[in-house]
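Q: output the structure for:
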Amino acid sequence: MRTYECPSCGAPVNFASAATVFAVCEHCHSMVVRSDLKLESIGTMAELPADLSPLQVGTRGEWRGQGFALLGRVRLAWDEGSWTEWYSSFNDGRRGWLAETQGFFTLSFLNETEAAPHRIRELQPGSTVDFARRRWRVVEGKTVTCLAGEGELPFVAKPGTTRFSVDLADPSGEFGSLEEADGQIAFYEGNYAQFAELKFTQLRPVPGWSDSAVPSARPQSKTLSCPNCGGPVNLRAPGLSMTVVCGSCQTILDAAQPEVQIVQVAQAKLNELAPVLPLGIRGQFDGNPFEIVGYVVRQDAYSQWSEYLLFNPWHGFLWLVNYRGHWSLISRLLTPPRAGGKVVQFEGQSYLLFAESETTVRGVLGEFYWRVSRGEASKVCDFVAPPKIISRETYPGLNEETWSAGEYRTPKEIEQAFALKERLPAAEGPYLNEPNPYRDAWMRIRGWALIAVALLCFIQCCSFVVQRPKTVFTGDFVHHPGGPEAAEFTTPTFHLDRTSQPVFIEAHAPVSNSWIDLDFELVDAVTGETRPLEVEVSYYYGRDSDGDWTEGGRTNSTDTPSVPRGDYFLRISSSSDPAVYDLPYSVAVRSGGVFWSNFFLSLAALLIYPAWVLWRRVAFERWRWSESDFQPFARFTSTGNNDDE
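A: Numbers count the residues shown, from 1 in each chain. Have a look, this model is predicted:
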């Protein structure tokens, strides 16, 4: 730590790092430049806009085992937003930058060993560029303006100076940035990070959010005056919000400047907007409180939906999207997915393209971290893997591509998150990332159904082995036409030795373009109880214009179940085609075995409910995808076999 006297007021100015050449005096806000052992004042630093960031000069953190401290910051802005970059000193001697924007962070270091590509202004969002041993995806490119600075910095941060910046990302989570200033291109390389990963200490209390913050009437808001109607305008996320809508006249205001300016005068139809969730209420998501600070209504050629902007000083922004009672909680993706045609890959899961449309902003309320306006157009592509969704947004005229990811929420979950006393409207129809209500039922039942079918097959096989059929009687007979007595026979007695068994009677006759009808009576030799049975043996053949044909067969059988143990005989009577004379036939009686009809009936009974669940699951997916222009079911219209796995 080196201490100097401010050239303007004489107050001490501290330089914690030998690499810093610029600092802002805490007392008079003079911008001082260090040259050897002297300080030179080059003017007064513009006042930093108020914000709700919990970070401050002196905050310490840790990243991958290395501690670091925040030495200074610079506030940067572009046409559609702003963010803060913190100059950081690491324990291993490195100097890096911690960028804080929209609730996430990037840690990066100057890479002087890799040659940066030239003509970075020609790089387009969504394209790729190869250098530094990897393939980078271009996220956005923009002209950046310095608004103000604080603490010590490694360069002179004069307000109003500009540079051109291109943000890069690769699927492994690496972050890159190309910056062009004064004809020189610098390459910064690092990683994305979340607040919890950085293990911050020595944070400042956040008014309205931290228990240790000094309370006031409305500590989380900054009050402005609307230049259109003079009404008060409250900022719930000062320093982060770029636009805010006047609650009195619905004029859209630019909140990034000290003197707010009108961006867009209200339209009469804007008064029709009626958010289901009011601005200013807080809800719990993933254990953290978030406040609704903005509300926007979007539409495409076919539908209209609403989006709520949620804010937390430590965790940034989330979006809560509502369409006809269906809700999704959305956050920005730090690492873009692997995109390829109609499928994107993210964290080992495939997402199918569901919708691609041109959207416009119909109306807005509250405040936003970019310069939103009514009529703002964007192109949106939605990829789904219910209950998850990934969206890509591109904006005409802006050199930017944004990816976000979310997950479905039911109305009940939203009611519980915001502790609502009144019920939210029920969901209507299917939604692009709504969980299939029959998916879990199918996942549960299919395993049990498989086990039940396997058990049924095992029982059937065991029964077949144990109840193996055996022949208890065979006999040959001759049908004599010309009188009933000539066509009736009584067999010798045979014994059935099982407690209860099925009995099968098989008849064979050498019929040829004729038939014989055999009527049997299975008679209990002790009780005289009879069981009537009938077998018809018929066989026909011939030739016509279509060729040879046959019908029937020379062997046929019948059966009766659950015959008790005992001695039995058969009474046989026969009748036949009048053209038949002295037709021989044979009869065989077998006991035991299994009825396959019982097996198939049991199998059908077991599969009725699983089949119904599977049908409803597939039907729901067809219903869902009927709303899409990219229906995967179109390829399966002939089989009707597709699933959402």
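
Q: let me know the secondary structure of Glu415.
A: Using DSSP: H, G, I helix; E, B strand; the rest coil, the structure places Glu415 in helix.

Q: what about it, neighbour count?
A: 15 (other CB atoms under 10 Å). Placement of C-beta: from N, CA and C, glycine included.

Q: average pLDDT across stretch 467-485?
A: For stretch 467-485, the mean per-residue pLDDT is 81.

Q: again with stretch 584-598
A: 86.

Q: just the residues contacting it, thanks.
A: If you take CB atoms under 8 Å, 6 or more residues apart in numbering as the criterion, stretch 584-598 is touched by 460, 463-464, 467-479, 491, 494, 496-498, 501-510, 516, 518, 537, 559, 561, 563, 570, 572, 574.

Q: got the buried residues for it?
A: Neighbour-count burial for stretch 584-598, counted by 16 or more other CB atoms under 10 Å, picks out 585, 587-594.

Q: can you give me how far it is from the chain middle?
A: Relative to its chain's centre, stretch 584-598 lies at 58 Å (CA atoms, centre = their mean, to the nearest Å).

Q: strands - which of the buried residues of stretch 584-598 land there?
A: 585, 587-591 (DSSP state E).

Q: just name the closest of those to Gln184, please.
A: Gln184 lies nearest to Arg590 out of those, by CB to CB, at 98.0 Å.

Q: and that closest one, how far is that from Glu521?
A: Using CB to CB, to the nearest Å, Arg590 is found at 17 Å from Glu521.

Q: over to Arg204?
A: 102 Å.

Q: show me where the protein has helices.
A: Listed in chain order, the helices of the chain (DSSP state H) span 411-417, 439-466, 596-625.

Q: can you redo these as CSV with distance to Phe195?
A: As requested, those are exported to CSV (distance: least, CB to CB, whole Å):
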stretch, distance to Phe195
helix 411-417, 20
helix 439-466, 33
helix 596-625, 35
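
Q: domain assignment for this structure?
A: 46-198, 222-417, 441-463+599-636, 469-593 (automatic domain parsing).

Q: partner residues bridging the residue nearest the centre of the chain?
A: For the chain, the residue nearest the mean C-alpha position is Lys388 (1.1 Å; CA atoms, centre = their mean). Beta-bridge partners for Lys388, by DSSP bridges, are Ala385, Glu407.

Q: so, low pLDDT: which residues of the stretch 401-550 of the chain?
A: The model of the stretch 401-550 of the chain has pLDDT under 70 over residues 482-487.

Q: then the stretch 251-400 of the chain?
A: 254-272, 397-399.

Q: the strand ranked longest in the chain vs helix 596-625, what angle?
A: Longest strand in the chain, counting residues (DSSP E): strand 555-576. For strand 555-576 against helix 596-625, the angle by axes from the mean of the first three to the mean of the last three CA atoms, to 10 degrees is 120 degrees.

Q: buried ones in strand 555-576?
A: Neighbour count says strand 555-576 has 556, 563, 568-570, 572, 574-576 buried, by 16+ other CB under 10 Å.

Q: same for that strand, what does it pack against?
A: strand 470-479, strand 488-490, strand 494-508, strand 514-524, strand 530-544, strand 583-591 (3 or more CB pairs under 8 Å, 6 or more residues apart in numbering; DSSP states H and E).

Q: now with 10 Å, please.
A: Under the contact criterion of 3 or more CB pairs under 10 Å, 6 or more residues apart in numbering; DSSP states H and E, strand 555-576 touches strand 470-479, strand 488-490, strand 494-508, strand 514-524, strand 530-544, strand 583-591, helix 596-625.

Q: ok now the shortest one, how far from the chain's centre?
A: Okay, so that is strand 488-490. Counting by CA atoms, centre = their mean, strand 488-490 comes out at 76 Å from the chain centroid.
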